[in-house]
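**Student:** Okay, predicted coordinates and the sequence, questions at the end:
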Amino acid sequence: MPLLLNIQDQLVRLGAGVAAFLLGVTGCSSNPAEAPPPTIAPAQAAVSPSQSMTPPGVVRPLTGPAQEAVFDAATATLAVLTAGPAGQSAVTTLAGTGAPRPVTLPAAATAMTGDGDGHAYVATRGGYFVVDLAASTARKVDVEGRQTTDFTAIARRADGKLVLGSADGAVYTLDSESTAAAELKIFARVDDLVAQGNTVVVLDRGQTSVTALSESGTDSEQALRAGEGATTMAADAAGRILVADTRGEGLLVFGIEPLILRQRAPVRDAPYGLAGSAQLSWVSQTASNTVVGYDLATGIPVEKVRYRTVQQPNSLAFDEASGTLYVVSGSGAGVQVIGDAAVSG
């Protein structure tokens, strides 16, 4: 009898140990959504060589390296986000042949979008700035409850709602100027946001993925791997999303509703800057100081024009009314203005 009791006691202890082990394992994996997503080292633009030849068009000076650029049709103004003094940022506006006008922001900024109607929206810690491009003024909007959030991306939907992305992988859809109606935190980091209508697409460089969000902003509709190292995105007038696969050396063209990869064009020399236009899709090659215009109309990307550029062509913007392409340097080499860019290669 003592032997039987001893065996039973050992079996009970063994069962308890197995149960504890299984509980520990299932406890660690029962909610994988709470674990950080697997990531790779994010791709980056190449460090461009110095430019010894004069590029075509006109080169206008900037006060510093550019982070991003948008063109505003209502005011015919190019807005460029640059680093400012003492950890601040600035939005420099260029209209026609007039002198550049910097609007100094009181804090560092990370990303910019526009409404095409005279305003730029610039993401910063705790909220965003609204820049009146005609008046050269800026005001800060704090997002309620997000005073310490580092916002890293911003987009504006067709219905006027702003969407902000954060360094800790969350996307916030605003329902008023300062309040978020929805939060979705499933990314490693939100590196870029673009809107096509009311559909917002998220680029996560660490996951090299693109994700389309629901209109409510509470769910992801579809998510796809984007090449080997995607870095930037742009929306075009044909309803497409353009993505630069910098590490994989390609231009990726996605359709939405549903999100699907429709075209891929090989683009060498570290493609990075993007801009869509009615005729061509523009891609910069940062390893060779070049910009290329592709025709996507036939379903097979076809190179139509190619230009030498200013050093470090990290940002592109396009003016549909005049056919002007703006190539903006990330090294402080200024803004290259190429008129009739689509037809005068």
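**Tutor:** Yep, that arrived. Numbering: from 1, shown residues only.
**Student:** how far away is the spatially closest residue to Leu174 that is not a sequence neighbour from Glu68?
**Tutor:** Among residues not flanking Leu174 along the chain, Leu162 sits closest, at 4.8 Å (CB to CB, 6 or more residues apart in numbering). C-beta: built from backbone N, CA, C; applies to glycine. Leu162 sits 16 Å away from Glu68, going by CB to CB, to the nearest Å.
**Student:** Repeat that for Gln336.
**Tutor:** 16 Å.
**Student:** same question, Pro61
**Tutor:** 18 Å.
**Student:** what's the answer for Gly84, then?
**Tutor:** 14 Å.
**Student:** So for these two, which sits in the more crowded spot?
**Tutor:** Applying other CB atoms under 10 Å to Gly84 and Glu68 shows that Glu68 carries more neighbours, namely 26 against 21.
**Student:** Correct me if wrong: that one contacts Leu81.
**Tutor:** Yes - using CB atoms under 8 Å, Glu68 is in contact with Leu81, at 4.6 Å.
**Student:** Show me the common contact partners of these two, please.
**Tutor:** With contacts taken as CB atoms under 8 Å, 6 or more residues apart in numbering, the residues that reach both Glu68 and Leu81 are Ala111, Met112.
**Student:** just so I have it, where are all the helices in the stretch 1-150 of the chain?
**Tutor:** Using DSSP state H, counting those that start in this stretch, the helices of the stretch 1-150 of the chain run over 2-29.
**Student:** neighbours around the residue nearest to Leu174, how many?
**Tutor:** Neighbour tally, Leu162, other CB under 10 Å: 25.
**Student:** So what pairs up with it in the strands?
**Tutor:** Arg156 (DSSP bridges).
**Student:** Hmm, Val130 and it touching each other?
**Tutor:** No - using CB under 8 Å as the test, Leu162 is too far from Val130 to be in contact (9.6 Å).
**Student:** shared neighbours of these two, anything?
**Tutor:** Contacts common to Leu162 and Val130, judged by CB under 8 Å, 6+ apart, are Tyr121.
**Student:** so what strands line up beside the helix or strand hosting Val201?
**Tutor:** Taking DSSP states H and E as the criterion, Val201 maps to strand 199-204. Next to strand 199-204 in the sheet, as set by DSSP bridges, lie strand 192-196 (antiparallel), strand 209-213 (antiparallel).
**Student:** Give me the mean pLDDT for it.
**Tutor:** For strand 199-204, mean pLDDT is 98.
**Student:** got it, and stretch 107-116?
**Tutor:** 97.
**Student:** Tell me the span between the first and last residue of it.
**Tutor:** 24 Å (CA to CA, to the nearest Å).
**Student:** do the same with stretch 176-189
**Tutor:** Span of stretch 176-189 from end to end, CA to CA: 24 Å.
**Student:** give me the number of residues near the closest residue to Ser281 other than its chain neighbours?
**Tutor:** Distances taken as CB to CB, 6+ apart place Tyr294 nearest to Ser281, at 4.9 Å, with adjacent residues excluded. By the criterion of other CB under 10 Å, Tyr294 has 21 neighbours.
**Student:** Tell me the buried residues in the helix or strand Tyr294 falls within?
**Tutor:** Element membership for Tyr294, per DSSP H and E: strand 290-295. Buried residues in strand 290-295, counted by 16 or more other CB atoms under 10 Å: Thr290, Val291, Val292, Gly293, Tyr294.
**Student:** Generate JSON lines for these, with pLDDT and distance to Ile186 as supplementary columns.
**Tutor:** Below are the buried residues of strand 290-295 laid out as JSON lines (pLDDT from 0 to 100; distance: CB to CB, whole Å):
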{"residue": "Thr290", "pLDDT": "98", "distance to Ile186": "36"}
{"residue": "Val291", "pLDDT": "98", "distance to Ile186": "34"}
{"residue": "Val292", "pLDDT": "98", "distance to Ile186": "34"}
{"residue": "Gly293", "pLDDT": "98", "distance to Ile186": "35"}
{"residue": "Tyr294", "pLDDT": "97", "distance to Ile186": "32"}
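**Student:** which among those residues gets closest to Ser214?
**Tutor:** Tyr294 (30.7 Å; CB to CB).
**Student:** And that closest one, how far from Thr97?
**Tutor:** 30 Å.
**Student:** returning to what we had before: among the buried residues of strand 290-295, which two are most distant?
**Tutor:** Of all pairs in these, the most separated under CB to CB is Thr290 and Tyr294 at 12.8 Å.
**Student:** who's in contact with the one residue sitting closest to the centre of the chain?
**Tutor:** The residue lying closest to the centre of the chain (CA atoms, centre = their mean) is Asp192, at 2.2 Å. Contact analysis of Asp192 by CB under 8 Å, 6+ apart lists Ala111, Ala153, Gly165, Val202, Leu203, Thr232, Met233.
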